[in-house]
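Visitor: the amino acid sequence is not available; the structure is as follows:
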């Protein structure tokens, strides 16, 4: 009985861990894309294409 309770707790924690990892990956990807976009804008400005 105690073991089952413990397993359930760990299972919820495990799900939370997976969820946070997935969120972190998505978040990191958007940050990297934003950084890439900003760098491209800078290079466009240097080339005189952007304002």
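Guide: Thanks, I have it. Please read these numbers as outputs of a predicted model, since none were measured by experiment. Residues are numbered from 1 along each chain as shown.
Visitor: distance check, residue 6 against residue 16.
Guide: Here the criterion is C-beta to C-beta, to the nearest Å. By it, residue 6 lies 16 Å from residue 16. C-beta coordinates here come from the backbone N, C-alpha and C atoms, glycine included.
Visitor: distance of residue 40 relative to residue 34?
Guide: 11 Å.
Visitor: check residue 42 too.
Guide: Per C-beta to C-beta, residue 42 is found 13 Å from residue 34.
Visitor: let me see the mean pLDDT of whichever helix or strand residue 36 is part of.
Guide: Per DSSP states H and E: residue 36 is located in helix 2-47. Regarding helix 2-47, the rounded mean pLDDT is 78.
Visitor: burial count for residue 5?
Guide: Residues lying near residue 5 (other C-beta atoms under 10 Å) number 9.
Visitor: tell me the contacts of it?
Guide: With contacts defined as C-beta atoms under 8 Å, 6 or more residues apart in numbering, residue 5 has no neighbours.
Visitor: over to residue 7?
Guide: If you count contacts by C-beta under 8 Å, 6+ apart, residue 7 has none.
Visitor: I'd like the distance between it and residue 14.
Guide: The spacing between residue 7 and residue 14, counted by C-beta to C-beta, is 10 Å.
Visitor: again, but for residue 44
Guide: Counting by C-beta to C-beta, the gap from residue 44 to residue 14 is 45 Å.
Visitor: same question, residue 29
Guide: Separation of residue 29 from residue 14 (C-beta to C-beta) stands at 23 Å.
Visitor: and for residue 23?
Guide: From residue 23 over to residue 14 (counting by C-beta to C-beta), the distance is 15 Å.
Visitor: residue 5 too?
Guide: 15 Å.
Visitor: how about residue 37?
Guide: Distance, residue 37 to residue 14, using C-beta to C-beta: 35 Å.
Visitor: tell me the gap between stretch 23-41 and the middle of its chain.
Guide: Centroid displacement of stretch 23-41 relative to its chain, using C-alpha atoms, centre = their mean, to the nearest Å, is 9 Å.
Visitor: again, but for stretch 12-26
Guide: Mean-position distance between stretch 12-26 and its chain equals 10 Å (C-alpha atoms, centre = their mean).
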